[in-house]
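K.L.:
compute the structure for the input listed below.
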Amino acid sequence: MSRYDLYNHWRWRDPKRGLRVRKLCADPLCWYCEQAGRVTAADTVDHIVPHEGDEELFWDWDNLRSSCKACHDSVAALKDAYGYAPGVDVDGNPLDPNHPWCKQ
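P.N.:
Predicted structure coming up:
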């Protein structure tokens with residue numbers, strides 16, 4: 001099964017019992033926005049550690065984060081490209097512990 005086929009699996013997409021819906025119900029607000037002091041409804045589920053087709057990592061509840069589409073499409077994409085997510089909390093500290101500033 002390719003890494004993209006997993007998103008079409010009933011365990012992910014089922015509108016009542018799917019992992020995606022269960023995560024959004026458990027964490028209805030965007031994690032990224034919350035860290036920046038904003039309140040935004042989540043409509044997307046992001047994998048914290050990219051699963052790269054690894055089914056165990058794909059289905060791991062602790063590897064999921066609720067996000068809004070805007071954050072998922074920008075922050076998550078940048079994280080995939082650079083290895084860390086941009087953005088700071090209300091105190092100006094990077095949200096992602098992998099940010100180069102955190103390693104100084």
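K.L.:
next, work out how far apart His99 and Ala41 are.
P.N.:
Going from His99 to Ala41 by Cβ to Cβ, to the nearest Å gives 26 Å. (Each C-beta comes from the backbone N, C-alpha and C, glycine too.)
K.L.:
what sits against Val88?
P.N.:
Ala36, Pro94, Leu95 (Cβ atoms under 8 Å, 6 or more residues apart in numbering).
K.L.:
adding secondary structure, write these out as a markdown table.
P.N.:
Converted to a markdown table, the contacts of Val88 look like this (DSSP: H, G, I helix; E, B strand; the rest coil):
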| residue | secondary structure |
| --- | --- |
| Ala36 | coil |
| Pro94 | strand |
| Leu95 | coil |
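K.L.:
out of those, flag the one nearest to Phe58.
P.N.:
For the contacts of Val88, the residue nearest Phe58 by Cβ to Cβ is Leu95; the value is 23.2 Å.
K.L.:
and the gap between that closest one and Cys71?
P.N.:
Leu95 is 11 Å from Cys71, by Cβ to Cβ.
K.L.:
hey, what's in contact with both of those two?
P.N.:
Residues touching both Leu95 and Cys71 (Cβ under 8 Å, 6+ apart): Tyr32.
K.L.:
which residues of the protein score low on pLDDT?
P.N.:
Applying pLDDT under 70 to the chain flags residues 1-4, 76, 104.
K.L.:
for stretch 42-50, list every residue counted as buried.
P.N.:
Ala42, Thr44, Val45, Asp46, His47 (16 or more other Cβ atoms under 10 Å).
K.L.:
which SS class is Leu78?
P.N.:
helix.
K.L.:
now do the contacts for it.
P.N.:
Leu78 sits next to Ala85, Pro86 when contact means Cβ under 8 Å, 6+ apart.
K.L.:
repeat for the one 3 residues further on
P.N.:
By Cβ under 8 Å, 6+ apart, the contact list for Ala81 is empty.
K.L.:
what helix or strand is it on?
P.N.:
Using DSSP states H and E, Ala81 sits within helix 77-82.
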